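J.: Mind looking at a prediction? Sequence and model below.
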Amino acid sequence: MFVVDLYENGSMLIDEWADTDYERKLVPTRCTRRETLPVALGLWQTLRLGDVPAVRTEAWS
């Protein structure tokens with residue numbers, strides 16, 4: 001399960017969990033800085049379509 005947080009300053013955080021109880025995080029939190037709304041929506045759409053490999057290969061810091 002993915003949890004995406006997008007903030008007004010453009011920061012975006014993505015967490016990947018093994019379960020819906022938030023008990024087992026699969027990887028450390030991924031983050032980007034200063035994303036535009038279209039970029040963030042594109043990433044959300046990619047997740048919605050189930051293209052997890054594409055999300056994992058993004059330029060995360």
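T.: Arrived safely, thanks for sending.
J.: Tell me which residue is most central in this protein.
T.: Note on the chain: the residue nearest the mean C-alpha position is residue 14, at 3.1 Å, using C-alpha atoms, centre = their mean.
J.: Contact partners for residue 44?
T.: Residue 44 is in contact with residue 4, counting by C-beta atoms under 8 Å, 6 or more residues apart in numbering. For glycine as for every other residue, the C-beta is placed from the backbone atoms N, C-alpha and C.
J.: Look at it and give its secondary structure.
T.: Look at residue 44: counting by DSSP: H, G, I helix; E, B strand; the rest coil, its state is helix.
J.: so how far is residue 3 from it?
T.: 12 Å (C-beta to C-beta, to the nearest Å).
J.: count of residues packed around residue 39?
T.: 15 (other C-beta atoms under 10 Å).
J.: and it, what element?
T.: Residue 39 belongs to helix 37-48 when assigned by DSSP states H and E.
J.: list the helices and strands the helix or strand just after that helix packs on?
T.: Next in sequence after helix 37-48, counting helices and strands by DSSP H and E, comes helix 52-56. With contacts defined as 3 or more C-beta pairs under 8 Å, 6 or more residues apart in numbering; DSSP states H and E, helix 52-56 has these neighbours: helix 37-48.
J.: Sketch out the low-pLDDT regions of this structure for me.
T.: 61 (pLDDT under 70).
J.: again, only this time at 90
T.: 1-2, 4, 6-12, 14, 22, 27, 31-44, 47, 52, 54-61 (pLDDT under 90).
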